[in-house]
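Engineer: let's see this in three dimensions:
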Amino acid sequence: MKTIKRTRKVTRAKTYKFKLSSGLFGLPGNAASVDWAVLNDAAKAQSFKVTVYKAGVDQLKTVVPPGSLTPSLDPGKATHNANSVGISEPFVPGFYYEVVLEADNLSVMPTVSIWEDHSCKVIPGTTIVPGAFVKVE
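Structural biologist: Model (predicted):
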């Protein structure tokens with residue numbers, strides 16, 4: 001009798017050369033949406049991964065819905081993702097948050113801003129610009 005050897009194909013998540021963090025930020029009382037945006041200022045299309053984390057004091061950070069997003073972006077183009085703030089929403093008042101960008105090119109530049117509405121009215125002083133992100137890996 002022959003023994004059949006079964007093999008499993010292991011799919012590994014893409015790893016990126018750079019990992020950048022916004023650092024922790026809180027939500028002002030009039031926050032309605034949190035938006036991250038990315039500009040591809042590289043000469044060719046770039047894929048990247050953005051993950052937003054919620055961090056409570058003395059708790060492990062957890063991924064905020066909709067989870068990690070892995071778009072590809074043509075040169076000179078931007079994309080964004082905004083989500084609501086509220087008790088049953090992805091962003092809950094009273095917690096810290098972190099936006100992490102993973103990319104192979106530092107010309108893929110992230111920005112975070114907090115809106116007082118759902119149509120891009122930025123709360124002054126809440127924008128985290130690309131140069132403020134910290135390389136963590």
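Engineer: which strand is the longest one in the protein?
Structural biologist: Using DSSP state E to assign secondary structure, the strand with the most residues in the chain is strand 46-55.
Engineer: gap between residue 63 and residue 28?
Structural biologist: 23 Å (CB to CB, to the nearest Å). In short, each C-beta sits where N, CA and C put it, glycine included.
Engineer: hmm, who's touching stretch 108-123?
Structural biologist: 20, 22, 25, 27-28, 30-42, 46, 48, 50, 73, 82, 84, 99, 101, 126-130, 133 (CB atoms under 8 Å, 6 or more residues apart in numbering).
Engineer: filter the residues you listed down to the buried ones, ChimeraX style.
Structural biologist: For the buried members of the contacts of stretch 108-123, the matching ChimeraX selection, counting by 16 or more other CB atoms under 10 Å, is:
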select :20,22,27,31,32,33,34,35,36,37,38,39,40,41,42,46,48,50,73,82,99,101,126,128,130,133
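Engineer: of the contacts of stretch 108-123, which belong to strands?
Structural biologist: 20, 33-40, 46, 48, 50, 73, 82, 84, 99, 101.
Engineer: so residue 92 is in contact with residue 54, correct?
Structural biologist: Yes. Contact between residue 92 and residue 54 holds when scored by CB atoms under 8 Å: they sit 7.2 Å apart.
Engineer: where does the chain dip in pLDDT?
Structural biologist: Along the chain, the parts satisfying pLDDT under 70 run over 1-11.
Engineer: coming back round to it: any idea which helix or strand comes after the longest strand of the chain?
Structural biologist: Sequence order places strand 62-63 as the next helix or strand after strand 46-55, per DSSP states H and E.
Engineer: and that next one, which strands flank it?
Structural biologist: The strands that strand 62-63 pairs with in its sheet are strand 46-55 (antiparallel) (by DSSP bridges).
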